[in-house]
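Asker: Here's my sequence, what's the structure:
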Amino acid sequence: MGSRNIWFPYSPYLVLFSWALSAHFFLAIAQRSTYIVHLDKSLMPNVFTDHHHWHSSTIDSIKASVPSSVDRFHSAPKLVYSYDHVFHGFSAVLSKDELKALKKSPGFISAYKDRTVEPDTTYTSDYLKLNPSYGLWPASGLGQDVIIGVLDGGIWPESASFRDDGIPEIPKRWKGICNPGTQFNTSMCNRKLIGANYFNKGLLADDPTLNISMNSARDTNGHGTHCASIAAGNFAKGVSHFGYAQGTARGVSPRARIAVYKFSFREGSLTSDLIAAMDQAVADGVDMISISFSNRFIPLYEDAISIASFGAMMKGVLVSASAGNRGHSWGTLGNGSPWILCVAAGFTDRTFAGTLTLGNGLKIRGWSLFPARAFVRDFPVIYNKTI
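Answerer: Below is the predicted model:
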């Protein structure tokens, strides 16, 4: 029987070549980083019509001045965002050589790498001694027509906390939009939730292969919804946790408006996206900004939340930010700049209690998440002294 050659459709050489191309692509990405760049706007040359034109032209000039970098990485420097409200500058994907060339550009102040920011997480009104019948709370109109920009992981618009019952028409000074996206359409905004937007160009610049699972202002983990409802949730009657804590839920400013700026996604949360969100919030006309995120152990001059908050303050916008969840030891405070209203974490005395009756009639009161009476008898009691 004669032998014959069998040709497989996929040659090992082709596989190796494809692998090499992929490795080269990811190596090129790894050699570049996203940087946040601060510029002095007063030094913008007169030939440019606006700040975005200046920023894009600056990136183009870097391509020309460092051609070897483009050839080596088979990619070019890329502008991610232009900023003009909380501070002036941009974020861009650059190599080290391109960053070095950028530092010689007119108006350059500083640059630092994009970073990951971390989320932070009630008796708030009682702690502040707010009374619904008299004092500061009713005198403020429960936040009537104050526009709060919530920078977080989005919102669940169907929540009763965001209904517009009892809320008048949207103030004419509002310039924001309700940006549609995945599982989120413009009809989900109302007189309470007056704006929704999302920012993830920084994430995609960091990893161009990334697939954003919820590419919209919709919340996926509850953090953004939680923070928005605490700040300005409308009156929601008949709430409970499986029968516990029954009553009416409300935020500290139930008559305030909410505008959501989502920069935190399941795939990550980057500083460049946070600054873009804050920049847009100030441009839209919010009165204050709420951020429950913080950076860890970085110099003040590289802390984007602090720097952008200073710019917001200069535009008359108050920034309220979380103190962090890293305990009470020294050096654990987040967002401690003097121009930020830093909201401290606290201890709550709320417990869900239950009563255990022993066989000898002794009653022991402790914590329980079972809301009903348990019709069970004669169970053994186990004592664990390590708990």
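Asker: quick one: Ser240 and Ser159, what's the gap?
Answerer: To Ser159, Ser240 is 15 Å away according to Cβ to Cβ, to the nearest Å. For every residue, glycine as well, the C-beta is placed using N, CA and C.
Asker: between those two, who's got more neighbours?
Answerer: Ser159 (18 against 11; other Cβ atoms under 10 Å).
Asker: Next one, pLDDT for the more buried one please.
Answerer: Ser159 is assigned 94 on the pLDDT scale.
Asker: got the contact list for it?
Answerer: Thr225, Ser229, Gly233, Ala236 (Cβ atoms under 8 Å, 6 or more residues apart in numbering).
Asker: will you turn the residues you listed into CSV that also has secondary structure and pLDDT?
Answerer: Putting these into CSV (DSSP: H, G, I helix; E, B strand; the rest coil; pLDDT from 0 to 100) gives the following:
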residue, secondary structure, pLDDT
Thr225, helix, 94
Ser229, helix, 94
Gly233, coil, 93
Ala236, strand, 90
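Asker: ok, of these, which one's closest to Thr182?
Answerer: Thr225 (16.2 Å; Cβ to Cβ).
Asker: In this structure that closest one contacts Ile155, no?
Answerer: Yes: between Thr225 and Ile155 there is a contact under Cβ atoms under 8 Å: 5.3 Å.
Asker: Show me whatever sits in contact with both of these two.
Answerer: Common neighbours of Thr225 and Ile155 (Cβ under 8 Å, 6+ apart) are Asp219.
Asker: Looking at these two, which one has more neighbours?
Answerer: Shown here are Thr225 and Ile155; by other Cβ under 10 Å, Ile155 has more neighbours (29 against 25).
Asker: Hmm, that one is touching Ser216, no?
Answerer: No: if you go by Cβ under 8 Å, Ile155 and Ser216 don't touch, sitting 10.2 Å apart.
Asker: Touching both of these two, which residues are there?
Answerer: If you check Ile155 and Ser216 against Cβ under 8 Å, 6+ apart, the residues they both contact are Lys262.
Asker: quick one: contacts for Val317?
Answerer: Gly149, Ala281, Val282, Val286, Asp287, Met288, Ile289.
Asker: 6 Å instead, please
Answerer: Contacts for Val317 (Cβ atoms under 6 Å, 6 or more residues apart in numbering) come out as Val282.
Asker: Now it: phi and psi?
Answerer: phi -110, psi 120 (degrees, to the nearest 10).
Asker: and the gap between it and Ile340?
Answerer: For Val317, the distance to Ile340 - Cβ to Cβ - is 11 Å.
Asker: swap in Arg115?
Answerer: 18 Å.
Asker: Out of the two, name the residue with the larger neighbour count.
Answerer: Ile340 (23 against 19).
Asker: Please read off the pLDDT at the most centrally placed residue in the chain from the model.
Answerer: Residue closest to the mean C-alpha point of the chain, counted by Cα atoms, centre = their mean, is Asp152 at 3.1 Å. Confidence at Asp152, expressed as pLDDT, is 96.
Asker: Now do the SS call for the residue nearest to it when sequence neighbours are not counted.
Answerer: Excluding the flanking residues, the one nearest Asp152 by Cβ to Cβ, 6 or more residues apart in numbering is Gly224, at 3.5 Å. What DSSP: H, G, I helix; E, B strand; the rest coil gives for Gly224 is helix.
Asker: residues in contact with Gly224?
Answerer: Asp152, Gly153, Gly154, Ile155.
Asker: The second one: neighbour count?
Answerer: Per other Cβ under 10 Å, the neighbour tally for Gly153 reads 28.
Asker: Ile307 versus that one, what's the distance?
Answerer: For Gly153 relative to Ile307 (Cβ to Cβ), the value is 22 Å.
Asker: what do you get for the first one?
Answerer: Counting by Cβ to Cβ, the gap from Asp152 to Ile307 is 19 Å.
Asker: likewise Asn360?
Answerer: According to Cβ to Cβ, Asn360 stands 65 Å off from Ile307.
Asker: Equivalent analysis for Met188, please.
Answerer: 33 Å.
Asker: Neighbour count: those two, which is higher?
Answerer: Ile307 (22 against 19).
Asker: Now the more buried one: which helix or strand?
Answerer: helix 304-314 (DSSP states H and E).
Asker: Tell me the first helix or strand C-terminal of that helix.
Answerer: strand 318-322.
Asker: so where's this structure uncertain?
Answerer: 1-30, 69-74, 121-128, 244, 326-329, 331, 345-352, 369-376, 385-387 (pLDDT under 70).
Asker: Tell me where it has helices.
Answerer: Assigned by DSSP state H, the chain shows helices spanning 12-30, 51-65, 67-73, 96-102, 124-127, 136-139, 201-206, 223-232, 271-284, 304-314.
Asker: for those, which one sits closest to Asp84?
Answerer: helix 51-65 (4.9 Å).
Asker: So which bits of the closest one are buried?
Answerer: For helix 51-65, burial by neighbour count (16 or more other Cβ atoms under 10 Å) applies to His51, Trp54, His55, Thr58, Ile59, Ile62.
Asker: for the fifth one, what are its contacts?
Answerer: By that I understand Ile59. Listed by Cβ under 6 Å, 6+ apart, the contact partners of Ile59 are Pro77, Leu79, Ala92.
Asker: what's the first one in contact with, if anything?
Answerer: Counting by Cβ under 6 Å, 6+ apart, Pro77 makes contact with Ile59, Ile62, Ala92, Leu94, Glu98.
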